[in-house]
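Requesting a structural model of the entry that follows:
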Amino acid sequence: ARSKSKIQNKKARDGEISKRKKFGLNSKDKKTAFKKTVRKGVISKQQKMKLEKKEKRNVEEKNGGQKRKQEDEETPPTKRSKLSSGKGFIKNGIPRKKKMMMRRERTTSDESKELISKAKCVWEKLRRHDLKKEGRSILIIELMNIVKDQLYELVLKHDTARIIQCLLKFGTSDMRTTVFEKLKDHVVELSKLRYAKFGIKALFKYCTPPQRDALITSLYNHVHRLVRHKEGAEILEIAYNDYATAPQRSLLVQEFYGAQFALFKDNSGRGLGEILAANPEQRTKLIGHMKQALIPLMDKTVVKHSIIHRAVLDFLLHADEKSRSELIESMREVSVEMLHTREGAKISLRCLWHGTTKDRKVLVKSFKPFVSKICKEEHGHLVMMGVFDCVDDTVLVIKSIISEMISSLEDLCEDRYGRRLLLYLLSPRSPQHFSKQFLELLTPGDDNIQSKKPQDTRWTELREGISPSLIKLASEKAVQWACQKPLAPLLIQIVLSAIGDVIPIYHTLTSDLLEHKNELICDPCGHWVLKKILNIQREGMSSFASVILDLLSNEDICSWTQTNRGCFVLSSLLMNEESRTRLLDVLRPIVDQLRRSDNINQGSQVLLKTFDCF
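Reported below is the predicted structural model:
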């Protein structure tokens, strides 16, 4: 009896659940209401409406919902995020980006869809590289006729913005003028949009100079807002760097000087120095406004733009000491983002010269992760020289800068600016390696009040830090460097100025002379390097001449007289006092043969003259 009752109860429950599912009442809160309606056999109006909606939805899915099903099938199923926000996804596993595209298609009118479809078909043919000129001219006219009434609307969308760029690239001057007239009043607005900015870039690239001037003029009075905008800053940077003339650049920078310069432009193109000289009573007001405008811009995502570098450099050149210190303190951690421009490198140099000990420490530490890259930059390597010139804490410099240079020393030697930096460490301010104009960029920092240690002492300590690694690398690459014109001066300077034993370099060069006979002697650059090194005499160390005479036989040395360049090397070898006596004995039989020879080259003549002097 008990088992029968259990079975009956279970059937009753199953039937009740199936009825609840049928009427869509799955909530626990509606159980009681459901039981009452079942007992009475009556369904409420609310439940009836739900049933009608459900039936209507089923009909739509069967008949009119095929498009939605196809989209769901095309979209791969994705798991919904555990987070309640469901970031990146929506219901049914459809990505949010896909949903936005679907919504845009639904909101787009049928006429626009048809126009975009036609334009895309023509554009796909037009952008082919193998298309002939005649065919392209026909297609560009067809494309212009399709889109000429909706140029502004098309440049806003991600897929049709490329059509406008293609139109500007391949179109005629009249077509470009038409596009320019449609978009010229919306330059600032379009510059801030993700896809429309590419249309503005194309306008700058393909329009005429007067039209380009009009585009730059439209940016006036908007510099502050654009420079802080992710997309707008890109357009401002292109306009300032690539297309603006010197007066136009001055007008753009003037917006940092104050509101009056943003509204009422000084068309004379004067810089901050000239404006302050003409209006000295406004110095305090201008400097204060610039400080308030520039300090909020000291963010690594904003400070990399060239127009800010120009404004900051003007400020540092003309500001009082207190205002300058405040700006340096705010920018010392982001100064590394400025080194890629000439103005940015000058800013970093002035931060090093006028900054406090703490400022210099923060600057040097911020350079550490990017030392290898900075040393290879056209303007960045100048800042490294400024560090070597003025930072008294040489232990910090060796630990943060020199150690990073050593880790990529071979790459620096192969790079033009890296070699210049190594030459500066070995021979600072040498007119042999650096021009007068280049050194004038570094000399203004010699009188800074923050550096206490003598400059020669600082340079010597830094040279001690890098010399062992340079000598080791040069001893391995001596022959290779000696035959390369860019690297030969570095090898000679290492032998001349590096602190340490350079005998391994002598042995490498001499062993090559033994193995390959006259290859290094006959090389145009190699024989010049040998002559230079032979003239170097370092205290407390054997000379290169003595190493050659110790390791080479008399026959090997005499074989040099058979070549023109070999005779020049022998004449340099005779100039060394340590080896002169022994070399004279070796060369005396050969000299007699040279005098009797009919074919005497220029090198033999020089050797005979040198030999006769002793």
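
Just give me the residue right at the centre of the protein.
Taking C-alpha atoms, centre = their mean, the centroid of the chain lies closest to residue 340, which sits 7.3 Å from it.

isn't that one right next to residue 383, touching?
No - taking contacts as C-beta atoms under 8 Å, residue 340 lies outside contact range of residue 383: 10.7 Å. Where C-beta positions appear, they are placed from N, C-alpha and C, glycine not excepted.

And the residue nearest to the centre of the chain, how far from residue 350?
17 Å (C-beta to C-beta, to the nearest Å).

Just after the host helix or strand of residue 260, pick out the following helix or strand.
Element membership of residue 260, judged by DSSP states H and E, is helix 259-263. Sequence order places helix 272-278 as the next helix or strand after helix 259-263, per DSSP H and E.

For the helix or strand just after that next one, list every residue counted as buried.
Once the chain leaves helix 272-278, the next helix or strand it forms, by DSSP H and E, is helix 283-294. Buried residues in helix 283-294, counted by 16 or more other C-beta atoms under 10 Å: 283, 286, 287, 289, 290, 291, 293, 294.

after the top helix by length along the chain, next one along is what?
In the chain, taking DSSP state H as the definition, the longest helix is helix 455-482. Sequence-wise, the next helix or strand downstream of helix 455-482 (DSSP H and E) is helix 488-497.

Using PDB, write down the CA coordinates of that next one.
Provided in PDB are the C-alpha atoms of helix 488-497 (Å, rounded to 0.1, in the frame of the first residue of the first chain):
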ATOM      1  CA  ALA A 488      89.000  51.300 -37.700                       C
ATOM      2  CA  PRO A 489      89.000  54.600 -35.700                       C
ATOM      3  CA  LEU A 490      87.400  52.800 -32.800                       C
ATOM      4  CA  LEU A 491      90.100  50.100 -32.800                       C
ATOM      5  CA  ILE A 492      92.900  52.700 -32.900                       C
ATOM      6  CA  GLN A 493      91.200  54.700 -30.000                       C
ATOM      7  CA  ILE A 494      90.900  51.600 -27.900                       C
ATOM      8  CA  VAL A 495      94.600  50.900 -28.300                       C
ATOM      9  CA  LEU A 496      95.400  54.500 -27.500                       C
ATOM     10  CA  SER A 497      93.100  55.400 -24.600                       C
END
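
In the helix or strand that comes right after it, which residues are buried?
Following the chain from helix 488-497 toward its C-terminal end, the next helix or strand by DSSP H and E is helix 503-515. For helix 503-515, burial by neighbour count (16+ other C-beta under 10 Å) applies to 505, 506, 508, 509, 510, 512, 513.

circling back to that earlier point, to the chain's geometric centre, what's the distance from the longest helix of the chain?
29 Å (C-alpha atoms, centre = their mean, to the nearest Å).

i'd like the first residue to be 38 from this point on
With the count now opening at 38, the last piece we talked about shows up as helix 492-519.

Just want the angle from it to helix 540-552.
20 degrees (axes from the mean of the first three to the mean of the last three C-alpha atoms, to 10 degrees).

so how far is the first residue of stretch 401-416 from its last?
16 Å (C-alpha to C-alpha, to the nearest Å).

returning to what we had before: which other helices and strands does the longest helix of the chain contact?
Judged by 3 or more C-beta pairs under 8 Å, 6 or more residues apart in numbering; DSSP states H and E, helix 492-519 is in contact with helix 417-427, helix 431-434, helix 440-444, helix 446-451, helix 453-463, helix 525-534, helix 540-552, helix 561-571.

Tell me what angle it forms with helix 561-571.
Counting by the same axes, to 10 degrees, helix 492-519 lies at 140 degrees to helix 561-571.

Point out where this protein drops to low pLDDT.
38-83, 85, 94, 96-131, 134-148, 299-306, 635-636, 651 (pLDDT under 70).

now do 80
Within the chain, the set of residues satisfying pLDDT under 80 comprises 38-149, 296-307, 553-555, 615-616, 628-638, 649-651.

Please name the nearest non-neighbouring residue to the residue nearest to the centre of the chain.
residue 414 (6.3 Å; C-beta to C-beta, 6 or more residues apart in numbering).

what's that neighbour sitting at in phi/psi?
phi -90, psi 150 (degrees, to the nearest 10).

now swap in residue 413 and tell me
Main-chain torsions, residue 413, degrees, to the nearest 10: phi -100, psi 0.
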